[in-house]
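# Next input, structure requested:
(one chain, ligands or ions: 1)
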Amino acid sequence: MARNPRIVQAFRAMKEIGIREDKVKPVLKRLLNLYEKNWELIESENYRVLADAIFDEEESKVSEPEKYKKCDEDEDTEGGGLVHDELVRRPLKRLRRLGETSSSHRTGSPNVAGTLLKKPKVEDEPSPASLQQKSLQCNIGKRTEYLPASPGSVSPQPVSPASVSPHHGDRTALPGPVLFQSPSPAHASPHHGGMNKGKQTVEPRPLAVLGRPEPNSHSSQMHFSSKGKELMSPNVTSNGKGPQRVSLSLHIKDLAPEPCVIPKKRVVDTHALIIPKEEPFTDDMPQDEVPIAVIHPDPLSGKDLAIREFSTGKSNWQEPPESLHADEIVGGGASASMSKRHTSCELATVSNEIPSRLEIASSQLGEVKISVSYNNSALGGQKFQLPSIDELRELMEQRCLRSYKLIDPKFDIIKILNDMCECISELATNSSNQSREGDVMPALDVLKRSPGRDALDAESNRENGCMLVRLLNGSFIVQPSSNGCVDDVGGKELVVLPQHELTLNELRWLHDASDITKGEEKVEISWVNEINKDFPPPFQYISENLVFQNAHVSFNLYGIGDESCPTCFGDCLLAEQPCGCACRAGRKFAYSSAGVVEEDFLGECISMTRDPQQQFLLYCTECPLERSKKDDFPEPCKGHLKRKVIKECWSKCGCHKQCGNRVVQRGLNYKLQVFLTPDEKGWGLRTLEKLPKGAFVCEFVGEILTISELYARNREKHTCPILLDAYWGLKGGSRDEEALCLDATCYGNVARFINHRCFDANLIEIPVEVETPDLRYYHLAFFTTREVHALEELTWDYGIDFDDLDHPVKAFRCRCGSKFCRNMKRSTRSKSAIITG
Ligand SMILES: C[S@@+](CC[C@H](N)C(=O)[O-])C[C@H]1O[C@@H](n2cnc3c(N)ncnc32)[C@H](O)[C@@H]1O
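Prediction:
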């Protein structure tokens, strides 16, 4: 199997600093585990975390005295071989320690863990020697250069004396991968060159400090390698005898040598310390260590230059300087008060021209903007300079990466904020008619706490459905509405659901929350979940049956016959003589003028279905159902219930569309709602209004397919099939292509949510012929068997024989709650093996 390129890259990076693959592997594995495969954390700062972790591992294997002994030996090593095992293996660790030593030495505050940088007092102006100590390193491709810290440079980190090598005395090294572009060699100062045939003395500092370069002034602060291509290390001994030690970044970054330009942006990137979930370097790295790049004010320029601090936990654009600890800034002086420290350090100097407001994001038309401003009075006299938008973006994204583990490469904090402006704009515009200022803010409040499903859950605890408003940015506002209808939404809480938090199915359901029919029906049907966070199962809503493949359904004009149809006129129900359609159904209309099924007709249907005495079963000589099961020994036909059929007028008739003999074809009329049942039956259908007895509720709609096609499908999916078997036994049996059924599993209408109830269900299914009187295909419509109250669940008797485990409906334990439940009593009632209509 091809190796993960990120692993390969990590190995390569470590190899470049002399760490063998076998050393890298276990540590990398551990880190990946620790960071939950968050590669960004490991890769940042040129694999600094990885390198440090390896050094830690190595170090833990070596006792302290041995370690120091080893270091001593290293110091004496002649030749400065680049690949010196222990030294090269531990650059960062060592660098940090050395920096700490120096810090301790300088500040006398060894226990202070802070690492932010401060500008030293003027009287602390370093001697040339100490300047050397604070020299900065510039890495240019394979060239290393050193910048002495400017007067505004850093005090290194303190460290416990125990961790300090006695031999490192006042020598410290650069820790992290500080990258500079090189100044031109012409600017290099011979004073600080330290070029001892490639072995240079580099003094310690804990973290990156960038001297703000002046075109001519910085040359005296730079150290160069004499050989442009030579790899230089901060830890090269001053006598030229010590080995070179390699800064991690040195090898990995490959910057083109260009005139000295300090890429501020780059520095921010490079130096932001990645604090992992569990800090693995606690032995020598304080938790609040915030090694960062600082651009120092140029003491010579006389300009007011603000310090820019970038830390993992703090940045002065976000928090007032009071939140910064002096020790973080200077690496010492822990006892001094913050303001005093700041004053004494003269770090943050802000010119009057520096803006106190930073615009961050804006809506497209600029009518809504997000900006940050600082409160000067709250700064206690401190001044600071707001960062650039790029700096802000980078730091925020790093922070998000650490805190929220957002690793989407397209993640863009500014885009999010821009989107927020768009949302405000949209909301404000939408609500302008109502001129209610408060309308926007609740939504924003919700935005803050908008984990989509929780928000939805909160909403779903309301009794009814919700209204969705799609925002420009692709998010949704879920607004609850009463009775599942899109009305009376004023004053209710808005919930913003970020689109990306939802699965496609959830997303689709959210679109459909107020109307799962997607406009396919005359009425809207909402769905609601008052129990948990589940969404309804995925399916495609269709309002009319569709032929799947082999089900031959012939919609012909022949059947009704010319002689009878002309009798249909206006509203057939009002005619003195029953029309030809009614004649086909027993010379009586099935519907009353009230639009419900006639009492007698309904009574007959109910008793034919429920009363075993009244049941009339037709048996096939060769049952297509049994045939489709493809058993070696097919069972004999179990019988098909003979049913009463309604014949509606239709397009070929001369009557009006509103004819009383056209009910089912006119579609849904009542307010229904899909809901999650509380009694573990899954989703169900209920009515939101009272229904009269005999009322048409809905048709069972699905794919029309042959029974053999149904069996050819994955049986596990058969939760919603229904046989159109009313005429199967008439001619001794149906051919395969004539034995039809409906499957609403993938394509269906609201009826797919109607649950089963044994015997006394409030719905009954009645075959309805509309366009095809060919006895193979008909509509199956549900009518109420009695008056049904608002919010009552709608049920029908699937006619399942729970003892027949061979039926195509996925077996379920009946929880209908009926006192006549067949599943409880293990009834031997003989009905069709699957749901029949
Ligand atoms: C046509 S679907 C009805 C809608 C289904 N409840 C859902 O969530 O999609 C049939 C399935 O609902 C469940 N079901 C229907 N009536 C039930 C009952 N009385 N007891 C338990 N489960 C039932 C069974 O899982 C059955 O396979």
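# Would you pull up the residue in the stretch 1-150 of the chain closest to the ligand?
Glu36 (34.8 Å; C-beta to the nearest ligand atom). Yep, even glycine has a C-beta here, placed from its N, CA and C like the rest.
# now that residue, what's its secondary structure?
coil (DSSP: H, G, I helix; E, B strand; the rest coil).
# ok, now which ones touch the closest residue to His779 other than its chain neighbours?
Counting by C-beta to C-beta, 6 or more residues apart in numbering, His779 lies nearest to Val768, which is 4.4 Å off, once chain neighbours are set aside. If a contact means C-beta atoms under 8 Å, 6 or more residues apart in numbering, then Val768 has Val645, Ile646, Lys647, Glu648, Val664, Glu699, Tyr778, His779, Leu780, Ala781 as its contacts.
# By neighbours, which of the residues you listed wins?
Scoring the contacts of Val768 on neighbours with other C-beta atoms under 10 Å, the highest-scoring entry is Ile646 at 30 neighbours.
# Check whether that residue really touches Glu765, as I assumed.
No: counting by C-beta atoms under 8 Å, no contact exists between Ile646 and Glu765, whose distance comes to 11.2 Å.
# residues making contact with the longest strand along the chain?
Counting residues, the longest strand found in the chain (DSSP state E) is strand 740-748. With C-beta under 8 Å, 6+ apart as the contact definition, strand 740-748 has outside contacts at 539-542, 545-546, 548, 551, 553, 700-707, 710, 713, 717-725, 751-752, 776-777, 780, 837.
# Per-residue pLDDT of the residue nearest to His779, please?
In this model, Val768 is scored at 95, pLDDT.
# and the residue of the chain at minimum distance from the ligand, how many neighbours?
Nearest residue of the chain to the ligand (C-beta to the nearest ligand atom) works out as Gly682 at 2.6 Å. Applying other C-beta under 10 Å, we find 15 residues neighbouring Gly682.
# Equivalent analysis for Arg813, please.
Arg813 has 9 neighbouring residues, counting by other C-beta under 10 Å.
# That one: what's it in contact with?
Applying C-beta under 8 Å, 6+ apart, we find Arg813 in contact with Asn823.
# shared neighbours, Ile646 and Glu765?
Common neighbours of Ile646 and Glu765 (C-beta under 8 Å, 6+ apart) are Ala781.
# For this structure, what lies in contact range of the ligand?
Contact residues (C-beta under 6 Å from any ligand atom) of the chain with the ligand: 537, 681-684, 719-720, 752-753, 755-756, 809-810, 812, 814-816.
# ok, back up a step: please report how far the residue of the stretch 1-150 of the chain closest to the ligand lies from Ile42.
Separation of Glu36 from Ile42 (C-beta to C-beta, to the nearest Å) stands at 11 Å.
# Which of the two has more residues huddled nearby?
When neighbours are counted by other C-beta under 10 Å, Ile42 comes out ahead of the other of Glu36 and Ile42, with 23 against 11.
# secondary structure class for the residue lying closest to Ile754 once chain neighbours are set aside?
Counting by C-beta to C-beta, 6+ apart, Ile754 lies nearest to Leu685, which is 5.0 Å off, once chain neighbours are set aside. Assigned with three-state DSSP, Leu685 falls in the strand class.
# hey, what's Leu685 bridged with?
Val674, Leu794 (DSSP bridges).
# Surely it is in contact with Phe753?
Yes: contact status for Leu685 versus Phe753: in contact at 4.4 Å, counting by C-beta under 8 Å.
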